[in-house]
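Undergrad: what's the 3D shape of this:
(one chain, ligands or ions: 1)
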Amino acid sequence: MKLLITRPMTPAVEARARTEFDVEIRENTLPMSRREMSSALTEFDVVVPTLGDLFSAQVFAGAGTVRCKLLANFGVGYNHIDVEAARAAGIEVTNTPGAVTDATADIAMTLLLTTARRAGEGERLVRSGQWQGWHPTQMLGHHVTGKRVGIVGMGRIGQAIARRCHFGFGMQVAYQSRNVKDLDFPAEFTPDLHKLAASVDFLVLAVPGGAETRHLINAQVLEAVNSSAILVNIARGEVVDEAALISALQSGQIAGAGLDVYEFEPKVPQALCNMENVTLLPHLGTATEEVRSSMGHMALDNVVAHVAGRALPNPV
Ligand code: NAP
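TA: Just a heads-up that it's a prediction; the model follows:
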């Protein structure tokens, strides 16, 4: 059984992979080219791909005789893999749910607080040497405690964010999801996205990417948002129409944005970089050693189950 892991991993994950499998670990930290993906499908029995490895229908169709039987994705989001086309090519797909939840919710709160309290701008001010000292009206931001947050996509991460908002910051929680959730904290189901957008101080996105949610947050939704509200996106860049977001920020239609992901990642529009009321992170959601190791182990657990002919723990 030949395994390909498409990026360097944490030492713990690489050590386990080398002990348990005949593994090749790609050294490049950039996404695979189409040619690399085609070769991976024909030369390896299992591939552990990740974000940016665009396993499209064309890649499966153009691969020739496919040897690969499992794509054990490193990450919970798998919108870079055409799952239908993979199945049609006889390849199963798994992901790493749960391992990422708390770390990603923490980054959502980092973005919410940083943007609301102008922490990025303040940090830049101190570093610039231009800070002239405290005064009562210096850099007034948005109060967070007790405010109303709207979560779009009340899944694992959405609920972890909501918990932090409710128990940590005494916030009122409203949410939109495909289904009503049975939750152990108060939260108001608001199925109409425009109504949700119009009623909150913070709108936080936690839906999966893909065709169904592409540009879910468009010009109309942004128009509905309160002009004092802040948008936080830890989901996928394509969920937001980035051009519409830039217009809404430039016209003052919304007060600010905290972004971990971008529509054309890793390209970040200069217009966003120019705005002080925007917090920009380089897709840090799960970026801790513990979490990246847990994700790697989860991906390898799926490989082990596949090799043993057992049911896959995390099929998508
Ligand atoms: P999850 O448990 O599957 O939750 C996703 C939620 O989105 C579900 O509650 C689902 O609703 C809802 N949803 C799906 N389609 C929707 C739609 N069209 N409109 C409204 N709601 C919709 O997934 P998760 O583990 O929370 O992860 C969510 C996403 O976060 C991932 O797919 C990934 O793209 C992203 N993520 C980002 C980072 C990062 O580094 N920034 C890290 C991890 C994950 P129902 O339950 O009602 O069906």
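Undergrad: What helix or strand is the residue at minimal distance from the centre of the chain located in?
TA: Among the residues of the chain, the one closest to the centroid is residue 235, at 3.8 Å (C-alpha atoms, centre = their mean). Using DSSP states H and E, residue 235 sits within no helix or strand.
Undergrad: Quick one: residues contacting it.
TA: By C-beta atoms under 8 Å, 6 or more residues apart in numbering, residue 235 lies in contact with 152-153, 205-209, 213, 261. (Each C-beta comes from the backbone N, C-alpha and C, glycine too.)
Undergrad: Narrow the residues you listed to those in strands?
TA: Counted as lying in strands by DSSP state E, out of those, are 152, 205.
Undergrad: Please render the contacts of residue 235 as CSV that adds pLDDT and neighbour count to the earlier fields.
TA: Output for the contacts of residue 235, formatted as CSV (pLDDT from 0 to 100; neighbours: other C-beta atoms under 10 Å):
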residue, pLDDT, neighbour count
152, 98, 27
153, 98, 22
205, 98, 26
206, 98, 27
207, 98, 23
208, 97, 17
209, 96, 19
213, 98, 19
261, 98, 22
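Undergrad: CSV please, covering the contacts of residue 235 and showing distance to the ligand.
TA: Below are the contacts of residue 235 laid out as CSV (distance: C-beta to the nearest ligand atom, whole Å):
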residue, distance to the ligand
152, 6
153, 3
205, 8
206, 5
207, 4
208, 3
209, 5
213, 5
261, 5
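Undergrad: Now tabulate the contacts of residue 235 in TSV and tack on distance to residue 297.
TA: Listed next are these as TSV, based on distance: C-beta to C-beta, whole Å:
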residue	distance to residue 297
152	30
153	26
205	28
206	24
207	26
208	22
209	24
213	28
261	24
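Undergrad: for the contacts of residue 235, which one is nearest residue 39?
TA: Of all these, residue 39 sits closest to residue 209, with 26.0 Å by C-beta to C-beta.
Undergrad: Which residue is the nearest non-sequential neighbour of the residue nearest to the centre of the chain?
TA: In space, not counting the residues next to it along the chain, residue 235 is nearest to residue 205; the distance is 4.3 Å by C-beta to C-beta, 6 or more residues apart in numbering.
Undergrad: Tell me how many other residues surround the closest residue to the ligand within the stretch 51-200 of the chain.
TA: Ranked by C-beta to the nearest ligand atom, the top residue of the stretch 51-200 of the chain for proximity to the ligand is residue 155, at 1.7 Å. As a burial measure, residue 155 scores 17 neighbours (other C-beta atoms under 10 Å).
Undergrad: which residues touch the nearest residue to it once chain neighbours are set aside?
TA: In space, and not counting its chain neighbours, residue 155 is closest to residue 206: 6.5 Å by C-beta to C-beta, 6+ apart. Residue 206 makes contact with 108, 151-155, 157-158, 161, 234-235, according to C-beta under 8 Å, 6+ apart.
Undergrad: For those, which two are the farthest from each other?
TA: Longest span within the contacts of residue 206, C-beta to C-beta: 154 and 234, 13.8 Å.
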